[in-house]
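Q: Return a 3D structure for these sequence lines:
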Amino acid sequence: MTDAIRPPVPPFTRETAAEKVRLAEDAWNSRDPQKVSLGYTVDSHWRNRSEFATGREAIVALLTRKWATELDYRLIKELWAYDTHRIAVRFAYEHRDDAGHWYRSYGNENWEFDENGLMHTRHASINTLPIAASERRYFWTPGRRPDDYPGLSDLGF
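A: Modelled structure (predicted):
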């Protein structure tokens, strides 16, 4: 459905941009590719690392592959900048592979939204580093990060 409305909608203020970022974080922490895809236009264009995806079906396929290998995934996003219909985000997430090795990925995303608040463009640059289990910083129960859990800046990322 192309006319779905996903508040908050442009033009963004600092408060509504930060709300949009938290809603995106919550969706991604659900690790439900179908749910995540509903925040994007039906013809959304993504660059995720070196992979390109166009449309919700491709987004669902990409996220399904991603979360099949990135186990115990936990993500924090933080607003970096915004204008009327664009938001820049920095993020970090932790996950492990099926052999039990832990990783932390750091990145930046540039988002552009349509008038209904659906993202139609997403560019993500991401670097992944192995970490020791003792270096992990994300310990909430899988799913939504608790409101009182520190954000990226609070954690020193």
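Q: Low-confidence ranges, the protein, go.
A: 1-3 (pLDDT under 70).
Q: moving C-terminal of the helix of greatest length in the chain, what's the next helix or strand?
A: Secondary structure of the chain per DSSP state H: the longest helix is helix 14-30. Following helix 14-30 in sequence order, the next helix or strand is helix 33-37 (DSSP states H and E).
Q: Give the other helices and strands that that following helix contacts.
A: Judged by 3 or more Cβ pairs under 8 Å, 6 or more residues apart in numbering; DSSP states H and E, helix 33-37 is in contact with helix 14-30, helix 56-69. (C-beta placed from N, C-alpha, C; glycine too.)
Q: who wins for proximity to Asn110 among these?
A: Closest to Asn110 of the helices and strands packed on helix 33-37 is helix 14-30 (Cβ to Cβ; 12.5 Å).
Q: buried ones in that closest one?
A: 16-18, 20-29 (16 or more other Cβ atoms under 10 Å).
Q: okay, now Phe139: neighbour count?
A: 8 (other Cβ atoms under 10 Å).
Q: Mind jotting down where the strands sit in this protein?
A: Remark: strands assigned in the chain by DSSP state E are 40-48, 51-54, 71-82, 86-96, 102-113, 119-131.
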